[in-house]
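Asker: Give the three-dimensional model of this entry:
(one chain, ligands or ions: 1)
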Amino acid sequence: MFFRDIIGQNDVKEQLINSAKKGIIPHAQLFCGQEGVGKFPLALAYAQYLNCEDPSETDSCGKCPSCVKYNHLVHPDLHFVFPIVKKAAKKKKEVCDDYITEWREFIRQSCYFSFSRWLGYIDVENSQGLIYSKESEEIIRKLSLRIYEARYKVMIIWLPEKMHESCANKLLKIIEEPTDNTIFLLVSNMPDHIITTIQSRCQRINIHGVEEKEMARALEAACNITPEDAASVSRLANGSYLKAMETISLNEELKMFFNLFVRMMRASYARNIKEIKTASNEIAGVGRENQKGFLQYSQRLIREYFASNFNQAKMVYLTQDEAGFGMRFAPFINERNIIGFMNELALAEQHIEQNVNAKMVFFDLCLKITMLIKQ
Ligand SMILES: [Zn+2]
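Answerer: Okay, here's the model as predicted:
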């Protein structure tokens, strides 16, 4: 991880680099701030920088043996601790190392991530992730090993607030008096939930939200959106890059649903079998979760259009595109067919849920709509 890959946060980067250059490297540091501001990548980039054999003024070199191993997250003197869920399957999972493969894959996808996304990734969304008591033995064991090759042995603890109290208590001594050249980097969304005896042993670094301008620039590059959209999303994201990404993907999804809706309605209205077939195949190609989302979206839109007939001016819950299409389409939704529309869409949703062939479901739905739309 390089400092240059982290969005904004230039003052924190500078602060970390300057203190490293002066040789002021506290052995326990607590990176605090809300989710999605880049605390974890900052900690990782800092650890890489400290161990780089040929760092520049602003970043690690990326080429030395240490950097190469850091980039692959496989340096033998780099350790991770993070919340997990115990699994009693054939292959028991009870400490972080049992999840290390998943963890590395997960970080490689994006170094901006949330706790819930991690739990989703290891398929335990409905469980409580914890750093269990047993992990403390692992930590102490790993840190008692002789340093392999690095300048600093680094232990990154992501979300220490999720640490079981008995684990935290067992770590107090080693955090206070770590073995030679060991550095603890704790990365926390809720530092006040960490036991005070650990908090007081760490030097605290407060990480603020990502600056609006920096975030907008990053979004423009990463998501291919207009500067205006990037600016407004950044403003709403309140410093969290994760929140901004979520807003954008939600918008993208709605745009896709709207386009599919228009195609489905146009083909059905025209009674053009070839078009109907193309449209239903396209909807069938977007995946089951999206299909369900699309059908729910369509129900909402039909309801809004129907309601708008009673008061043309009040399409308040619609986007500009939706309202534009509604000007011509809404008059076709009336008291004779609204129930039929809602029933058919709900039925299609149920069939998708039951794994019925999607092409058939949507083709059939379009045929029903050709009848309904003329009523
Ligand atoms: Zn290097």
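
Asker: Give me the distance between residue 227 and residue 208.
Answerer: For residue 227, the distance to residue 208 (Cβ to Cβ, to the nearest Å) stands at 23 Å. (Each C-beta comes from the backbone N, C-alpha and C, glycine too.)

Asker: before we move on, what about residue 11?
Answerer: For residue 11, the distance to residue 208 - Cβ to Cβ - is 9 Å.

Asker: try residue 189
Answerer: Relative to residue 208, and taking Cβ to Cβ, residue 189 is found at 14 Å.

Asker: Out of the two, name the residue with the larger neighbour count.
Answerer: residue 189 (19 against 13; other Cβ atoms under 10 Å).

Asker: contacting residues around the closest residue to that one other than its chain neighbours?
Answerer: Excluding its sequence neighbours, the residue lying closest to residue 189 (Cβ to Cβ, 6 or more residues apart in numbering) is residue 35, at 5.1 Å. The contact partners of residue 35, by Cβ atoms under 8 Å, 6 or more residues apart in numbering, come to 114, 115, 189, 240, 242.

Asker: Farthest pair within those?
Answerer: The span of these, defined through Cβ to Cβ, is set by 115 and 240 at 13.1 Å.

Asker: Name the helix or strand for residue 104, please.
Answerer: Element membership of residue 104 [criterion: DSSP states H and E] is helix 100-109.

Asker: List the buried residues for that helix?
Answerer: Residues of helix 100-109 classed as buried by neighbour count (16 or more other Cβ atoms under 10 Å): 103, 106, 107.

Asker: quick one: the last one and the ion, what's the gap?
Answerer: To tie it back to what came earlier, the one meant is residue 107. Going from residue 107 to the ion by Cβ to the ion, to the nearest Å gives 19 Å.

Asker: For the chain, which segments are assigned as strands?
Answerer: 28-32, 78-81, 153-158, 182-188, 203-206 (DSSP state E).

Asker: of these, which approaches the ion most closely?
Answerer: The ion lies closest to strand 78-81 among those, at 13.4 Å (Cβ to the ion).

Asker: What pairs with that closest one, parallel or antiparallel?
Answerer: According to DSSP bridges, strand 78-81 forms sheet pairs with strand 153-158 (parallel).

Asker: got the CA positions of the partner strand in PDB?
Answerer: C-alpha atoms of strand 153-158 as PDB (Å, rounded to 0.1, in the frame of the first residue of the first chain):
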ATOM      1  CA  LYS A 153       7.600  -6.200  13.100                       C
ATOM      2  CA  VAL A 154       4.100  -4.800  12.700                       C
ATOM      3  CA  MET A 155       0.800  -5.900  14.200                       C
ATOM      4  CA  ILE A 156      -2.200  -4.200  12.700                       C
ATOM      5  CA  ILE A 157      -5.300  -4.600  14.800                       C
ATOM      6  CA  TRP A 158      -8.400  -3.700  12.800                       C
END
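
Asker: Appreciated, that's everything.
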